[in-house]
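Student: Please find the sequence and the predicted model below.
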Amino acid sequence: MKNKKLLDVLSARSRHAGGVNAALGDGSVKYFNDSVERKVWRALSTASGGETVAF
């Protein structure tokens, strides 16, 4: 269960005010606002859910 608790607090981080730059699978880098929920970050970090995202 220790690993589960660790995963509960991990998400993208940055010292940029208001958001974070993140590298995507196609090699591009996008800026995301701090308003992105943790569960959305988790869904975006794996292909297993089959989600599609448009930027």
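Tutor: Sure thing, it's come through. Keep in mind that what you see is a predicted model, and the values were worked out from it rather than measured.
Student: Which strand or helix spans the most centrally placed residue in the chain?
Tutor: Of all residues in the chain, the one closest to the mean position by C-alpha atoms, centre = their mean is W41, 3.1 Å from it. Secondary structure assignment for W41, by DSSP states H and E: helix 38-44.
Student: in that helix, what's buried?
Tutor: Neighbour counts over helix 38-44 (16 or more other C-beta atoms under 10 Å) mark L44 as buried. Every C-beta, even on glycine, is put in place using the N, C-alpha and C of the backbone.
Student: chain center to it: distance?
Tutor: When distances are taken as C-alpha atoms, centre = their mean, to the nearest Å, helix 38-44 is centred 5 Å away from the chain's centroid.
Student: low-confidence ranges in the protein?
Tutor: 1-12, 55 (pLDDT under 70).
Student: Tell me which stretches of it form strands.
Tutor: Here the chain has its strands, by DSSP state E, at 19-23, 29-33.
Student: coming back round to it: tell me the spacing between the residue nearest to the centre of the chain and R15.
Tutor: 18 Å (C-beta to C-beta, to the nearest Å).
Student: ditto for N21
Tutor: Distance, N21 to R15, using C-beta to C-beta: 10 Å.
Student: one step back: burial-wise, tell me which of the strands of the chain comes out on top.
Tutor: Highest mean neighbour count of the strands of the chain: strand 19-23, a mean of 14 (counted as mean count of other C-beta atoms under 10 Å).
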